[in-house]
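**Q** can't give you the sequence, but here's the structure:
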């Protein structure tokens, strides 16, 4: 018997070693470095994951009344300058187009770092009456923000995302939309990606440039650092003022609209990789896994048995596809079975289905769960007739288990502290989510950031009221906020 | 009774008038002009059409073994320079990024006008052995080509498309792939968009910069001009040479791969608008229509009847959605019914379903086909119980009728000519597709182009062998080629 786990451990760094993340991204063929500094190529295996994520998220957007559109890649410089905080926030990382063909352009064009400005111009045209509201539009596209240091998915100069932009008649409606989309993100990330998150509001210092308020979902990585996994902004009337998005209200008065924007990007793929992966490589949550189960024919020693196994594998493949499962067969005959185990383990396919000569004779197959942490994972024989149902149940169980595992880890790595020293010690040591009292001042927030590198990830929505004292200056506080070092 | 047709004729230019196309694009809310020169905003109604087109095309790509990926937006200048013909073809229309934030870049970055070069670099890395072939990848993205004069969908500086890029072990396989994807395009455009096309090969002068051979599908617009609606290129070993895409073959020898590329863009939306539209506005082919049927409640004069009509409309809506149809209800109560007729006519929704008080009492609805050319289109009462089936049949009938109508028009506007004078007369007069003999020389091709503005659209794949003489220099020819003025 080949011992796949052993080979594997030799092949890639351990989960808690520095090189694990880039090695897994490359070896699982999720992404590759491109000849353009800071930009990656998302390979078919990684892109199929993104497509599955898109489909699930897009269905939620449509179910809440949003429609997709496409706005230009370019933002003329004069437009970007219209909202003061916004341009200040984004100007340092904007890529500029200055020439077309041989000609120099009269006005520089920014590659969109985000599209509030160009949506603003169009909304000003489209919104005339209260009857035109709400305007609920989303776009899937790429954006560019020049980054000094990049890591595949987590931080790249160009990345893929969706950006929703909405306009409303009242402040209340805009706030309701902002919270609704935060909840859409929470539900998507927790239900489909099996990643527990803390929803909350950003501090003034951490909010989106140009927003009245930014809401976020924060996930905790196994190394104890936080990853912002989706944000929803209430833009108040800031962009409506800058771009004159105004309408005739029911009472005949001309009023400014209230706008929101919200986005989730390929960064979240980075969270998925880190939260679920183990020493063997990736573990894909079944709901979005490109391949939910892989059929591995065990060819055996007798060549005359191969056609029978091949037919059985193909029959099962078709039956499972018809049952709505995403399955494939590893048809290769020249690779060793141990090598194949490692490869599919590395790629994180949730279930391996082994099919050898004896299995075919008995009309059964052997299931192995990717999330089984044992060095010799449990093998379970299942009759072909029960296979589709059994796979569906097992995939559900894996999805639930991945979430529970991540939630348990988060609980372990979440601490409440009462002093700045305690906070420092955790940030310098084991890291993790830290609940602490904060007086609300930008000065105390900045002190924590400069001295420890931790930031306020959010003011959690579900934080219980609790009287306490700011860990920096001792002033009163009525609820704890969430601190962490972040990606 | 309001006479919707009359109002309509006053509202938008006639089909054969200059202003029809931009008016329909704007009024139907397919697209709008943006503040970026040459770039449009694709609005939700237009984008939903594109999404439906994408879904149908993407399914065909996947069924033929292709997977999606995402490659960077930027192409470093040095890469673009690697294939000589390619850079010569694209350099005049490339947008250049020269700065990021405050810094000037060491090397200029082109916004991709197409991605052969960047795929080339990555393929050179990924292809090592014959076992890595074929490599079958597609991406959906936007590309930028600086244009002097632009028209929504037909020619814009930024446009959306898909670009497939494949690498193969042998020349035969690459040629088979090139032809397979041409056939995918033909089938998609004819079956789903109901636009008849002529598949054929481009002349040397008209082929893609860097290709050995370019194949195209050419559609004829009602004004007698041709529109290239999808292209498939056999790139031979040109890019494999430039980027060193080589592999160890079965016999151990190192060989260069053979590559292809193929693309279809939002230009094809322009073809759909022009081919099917009429004096009333758009006509959407049912297979890709954003809305296949619109339910129009006829509120009547008695306010007490409204709730009953509303309930019936909502019930029908849900039943039809459940049956897999894309339907919506026009709930507005303040607009006149004549105005609504015009609006849904303009938007080209294939079937209008009227629902008045008497219809509700009789549990029936009235169907009106958008493709009915009569000023007073036929109205047909259908029982609610039969509605879903009846709609499906009628949508199929509309799809077939649109194709037949376009095919008939194309037949009318296709002429065979025997002399340069005859060709000139048609190009100057009624225009259309012109079948004529050509000796194959670039000189004769250029003469036709300079003197008439017509180009060789393609050497049709199905052109029968026929001995003749070139209409320019009288030299022998063995088959007719297709000439036309083009968009």
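**A** The structure has been received and is ready for your questions. Owing to the predicted nature of the structure, the values given are computational and were not obtained by experimental measurement. Residues are numbered from 1 along each chain as shown, chains lettered A, B, ... in the order given.
**Q** How many neighbouring residues does residue A:213 have?
**A** Residues lying near residue A:213 (other C-beta atoms under 10 Å in any protein chain shown) number 17. All C-beta atoms are positioned from the backbone trio N, CA, C, and that covers glycine.
**Q** Which residue, other than its chain neighbours, is closest to it?
**A** Spatial nearest neighbour of residue A:213, excluding adjacent residues (C-beta to C-beta, 6 or more residues apart in numbering or on different chains): residue A:234 at 4.7 Å.
**Q** hang on, that neighbour packs against residue A:260?
**A** Yes - counting by C-beta atoms under 8 Å, residue A:260 is a contact partner of residue A:234 at 5.7 Å.
**Q** Out of the two, name the residue with the larger neighbour count.
**A** Taking neighbours as other C-beta under 10 Å, residue A:234 and residue A:260 compare with residue A:260 leading, 29 against 26.
**Q** which ones are touching that one?
**A** Counting by C-beta atoms under 8 Å, 6 or more residues apart in numbering or on different chains, residue A:260 touches A:164-166, A:168, A:174, A:177-178, A:181, A:232-235.
**Q** May I ask which helix or strand encompasses it?
**A** In the assignment (DSSP states H and E), residue A:260 maps to strand A:258-265.
**Q** how about the strands in the stretch 51-200 of chain A?
**A** With DSSP state E, counting those that start in this stretch as the definition, the stretch 51-200 of chain A shows strands at residue ranges A:67-68, A:74-76, A:95-100, A:103-111, A:135-144, A:158-168, A:197-201.
**Q** Name every strand pairing with the fourth one and say which way it goes.
**A** Looking at strand A:103-111 with DSSP bridges, its paired strands and their directions are strand A:74-76 (antiparallel), strand A:95-100 (antiparallel).
**Q** and residue A:426, how far is that from chain B?
**A** Computed as C-beta to the nearest C-beta, to the nearest Å, the residue A:426 to chain B distance reads 35 Å.
**Q** isn't that residue right up against residue A:433?
**A** No - counting by C-beta under 8 Å, residue A:426 does not reach residue A:433; the two are 9.4 Å apart.
**Q** So for these two, which residues contact both of them?
**A** Contact criterion C-beta under 8 Å, 6+ apart; residues bridging residue A:426 and residue A:433 by contacting each: residue A:415.
**Q** Output the set of residues of the stretch 151-300 of chain A in proximity to chain B.
**A** Selection of the stretch 151-300 of chain A residues close to chain B by C-beta under 8 Å from any C-beta of the partner chain yields A:158, A:160.
**Q** thinking again about what came up before, columns mean pLDDT and distance to residue B:281 on top of the strands of the stretch 51-200 of chain A, output as TSV?
**A** Below are those laid out as TSV (pLDDT from 0 to 100; distance: least, C-beta to C-beta, whole Å):
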stretch	mean pLDDT	distance to residue B:281
strand A:67-68	98	20
strand A:74-76	96	30
strand A:95-100	96	34
strand A:103-111	96	33
strand A:135-144	98	23
strand A:158-168	98	27
strand A:197-201	98	45
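**Q** looking at those strands, which is closest to residue B:126?
**A** Residue B:126 lies closest to strand A:158-168 among the strands of the stretch 51-200 of chain A, at 20.1 Å (C-beta to C-beta).
**Q** Pull out the buried positions in the closest one.
**A** Buried residues in strand A:158-168, counting neighbours by 16 or more other C-beta atoms under 10 Å in any protein chain shown, are found at A:158-168.
**Q** could you pull out the helices for the stretch 101-250 of chain A?
**A** For the stretch 101-250 of chain A, the helices defined by DSSP state H, counting those that start in this stretch cover A:116-126, A:171-187, A:238-243.
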